[in-house]
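[1] Quick one, fold the following:
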Amino acid sequence: KQKTAYEIKECDWSSDVCSSDLFGINFCITPLITNRLGADAYGFITLANTLTSYAAILTTGLNSYATRFIAVEYHSGNLKQASKYYSTLFFANVALSIAVFLVALVMDFNITGFIDVPNRLMMDVQYLILFVFANFAIVTVSSSFSSSAYLEQKLDVFGVVQSLSYIAEAVVLLVLYCVLPAKIFYYGLGLLAASVVILVGNFRIYKRFTPAIDIRPSLFSLDSLRTLVVNGLWNSLNSLGNTLNTGLDLIIGNIFLGPLAMGQLAISRTFQSLFSRLFQLVSQAFQPRFLQFYSGHNLEELKEEFVASMKLSGFISAILFAGFFVFCQDFYQLWIPDQNNQTLYVLTMLTITCSLFEGPVYPLYYIYTLTVKNKIPCLITIVGGCLNVLGMLILQIGRAHV
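    Prediction:
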């Protein structure tokens, strides 16, 4: 007998979704890179990741609602339709990742036409972008299998895979930076090692916990693809709005202020990423329950889960903000004493202030995925992003005339 939304057993949350995070790795390599190669070199690492976030706007449209549609069919016992969505998602992700990598390759060969790169870092940055986009392609393909962890509420197993990937990345970076002369493209090699672990782990989760779902070329469906893309289109537009809000500052800083200013901004954004990652982990831990209650039309239980997740996420945001407000400048003095710590402190507080208000409401963002209704918040995000970019350009132009 197939499981329904009412028969799914509760997941054992005794083991956390993921006990480690990329922040721990960045915490160690930031002083290594800034001390040996300069703050501008570190800025290109963050910039490379930012460039992949632009490419992720395309993959978001395909992947954002995939788990939702697969889960509804799977929990309803319609395994054939669930397999169609799964197969369509996988083969579309493969094609999209190849296309993005080829575009990135062309851009990489003409990098000076897009950003300001010091001559001493030219080859280093080109290798970095190459490896980072190769990592992006692997992660895009492996994300096709991540739905299985949600379907059987095995995020604890998924968390183990993530932890192993962080360990692999840390080992690669530790060996390369301790044994060889410092290069920033080592960061890309570390990401590649981590993404390979995630690919293997996600595939094993798929084979072990959802063997009833098939992935075959014959199951690829244009109708399923259209359903995923049409419903995910607004999430792609929302990602575009988020990029306009927070994803262009490094590019604009590089063009108008130079690599050093970009590097300082990149360092300050390390802690904003920590906030966002923690909010994501809290929300992710509740999402299988959100799916379960929504699929079973248990709206009261769904509301209680949202309230609980909001309380936890809001508590984390308040505690973290208070700690950074008091200790951040002293921390910078101990962490990277050779940098302009006063500037870094001001930039950090500016970047994490929004996180203080984002924390309590972050789990609510999943409502748009559950209900497939996200047009209004998407439009608000895009309008806000356009105003943000316009404001940055006005300030930069005004600065140039002063």
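[2] CA only for contacts and neighbour counts going forward, please
    Noted.
[3] gap between the helix or strand encompassing residue 94 and the chain center?
    Element membership of residue 94 [criterion: DSSP states H and E] is helix 79-109. Computed by Cα atoms, centre = their mean, to the nearest Å, the separation of helix 79-109 from the middle of its chain amounts to 17 Å.
[4] Could you tell me which residues within the helix or strand just after that helix count as buried?
    Counting by DSSP H and E, the next helix or strand C-terminal to helix 79-109 is helix 122-142. Using 16 or more other Cα atoms under 10 Å as the test for burial, helix 122-142 gives 124-142.
[5] Residues contacting stretch 382-401 from elsewhere in the structure, which ones?
    The contact list for stretch 382-401, computed with Cα atoms under 8 Å, 6 or more residues apart in numbering, reads 237, 238, 240, 241, 242, 243, 244, 245, 246, 248, 256.
[6] Export that stretch to PDB, keeping only CA atoms.
    Extracted in PDB, the C-alpha atoms of stretch 382-401 (Å, rounded to 0.1, in the frame of the first residue of the first chain):
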ATOM      1  CA  ILE A 382      11.600  43.500  -8.400                       C
ATOM      2  CA  VAL A 383      10.400  47.100  -7.800                       C
ATOM      3  CA  GLY A 384      12.600  47.300  -4.600                       C
ATOM      4  CA  GLY A 385      15.600  45.900  -6.500                       C
ATOM      5  CA  CYS A 386      15.200  48.400  -9.300                       C
ATOM      6  CA  LEU A 387      15.000  51.300  -6.700                       C
ATOM      7  CA  ASN A 388      18.100  49.800  -5.000                       C
ATOM      8  CA  VAL A 389      20.200  49.700  -8.200                       C
ATOM      9  CA  LEU A 390      19.000  53.200  -9.200                       C
ATOM     10  CA  GLY A 391      20.000  54.500  -5.700                       C
ATOM     11  CA  MET A 392      23.500  53.000  -6.000                       C
ATOM     12  CA  LEU A 393      24.000  54.500  -9.400                       C
ATOM     13  CA  ILE A 394      22.900  57.900  -8.300                       C
ATOM     14  CA  LEU A 395      25.200  57.900  -5.300                       C
ATOM     15  CA  GLN A 396      28.100  56.700  -7.300                       C
ATOM     16  CA  ILE A 397      27.600  59.300 -10.000                       C
ATOM     17  CA  GLY A 398      27.200  62.000  -7.300                       C
ATOM     18  CA  ARG A 399      30.400  60.800  -5.700                       C
ATOM     19  CA  ALA A 400      32.200  61.100  -9.000                       C
ATOM     20  CA  HIS A 401      31.100  64.800  -9.300                       C
END
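[7] what's the average pLDDT for it?
    Averaged across stretch 382-401, the pLDDT comes to 80.
[8] ditto for stretch 129-140
    93.
[9] For it, give me every contacting residue.
    In contact with stretch 129-140 (Cα under 8 Å, 6+ apart) are residues 48-49, 52, 59, 93-94, 97-98, 100-101, 104-105, 108, 185, 188-189, 191-192, 195-196, 198-199.
[10] Same question for stretch 236-247.
    Residues from elsewhere that reach stretch 236-247, judged by Cα under 8 Å, 6+ apart: 50, 53-54, 57-61, 377-379, 381-386, 388-389.
[11] Using neighbour counts, trim those residues to the buried set.
    Of the members of the contacts of stretch 236-247, the ones counted as buried by neighbours, 16+ other Cα under 10 Å, are 50, 53, 57-61, 378, 381-382, 384-386, 388-389.
[12] Just these: which are in helices?
    Counting by DSSP state H, the part of these found in helices is 50, 53, 57-61, 378, 381-382, 384-386, 388-389.
[13] correct me, but residue 39 touches residue 263?
    Yes: using Cα atoms under 8 Å, residue 39 is in contact with residue 263, at 4.9 Å.
[14] Which member of the buried ones among the contacts of stretch 236-247 is positioned nearest residue 315?
    Closest approach between these and residue 315, by Cα to Cα: residue 381, at 24.9 Å.
[15] Can you tell me how far the closest one is from residue 375?
    Distance of residue 381 to residue 375, computed by Cα to Cα, to the nearest Å: 10 Å.
[16] quick one: the strands in the stretch 301-402 of the chain?
    For the stretch 301-402 of the chain, no strands are identified by DSSP state E, counting those that start in this stretch.
[17] Can you tell me how far residue 57 is from residue 237?
    From residue 57 across to residue 237, the span is 8 Å (Cα to Cα).
[18] pLDDT weak spots in the protein?
    Applying pLDDT under 70 to the chain flags residues 1-24, 247, 400-402.
[19] Work out the gap between the helix or strand where residue 291 lies and the centre of the chain.
    Counting by DSSP H and E, the element that carries residue 291 is helix 259-295. What separates the centre of helix 259-295 from the centre of its chain is 7 Å, taken as Cα atoms, centre = their mean.
[20] what's the neighbour count on residue 87?
    Counted with other Cα atoms under 10 Å, the neighbours of residue 87 add up to 25.
[21] OK, contacts around it?
    214, 215, 216, 217, 219, 220.
[22] Name only those of those that count as buried.
    Neighbour-count burial (16+ other Cα under 10 Å) applied to the contacts of residue 87 gives 214, 215, 219, 220.
[23] So which of those residues is the closest to residue 167?
    For the buried ones among the contacts of residue 87, the nearest to residue 167 is residue 215 (29.8 Å; Cα to Cα).
[24] Over to residue 215: give its phi and psi.
    Dihedral pair for residue 215: phi -120, psi 110, per degrees, to the nearest 10.
[25] if I read this right, residue 234 contacts residue 61, doesn't it?
    Yes: Residue 234 lies in contact with residue 61 (Cα under 8 Å); the separation is 7.3 Å.
[26] Tell me which stretches of the stretch 301-402 of the chain form helices.
    Along the stretch 301-402 of the chain, counting by DSSP state H, counting those that start in this stretch, helices occupy 341-361, 366-371, 375-401.
[27] Many thanks, we can stop here.
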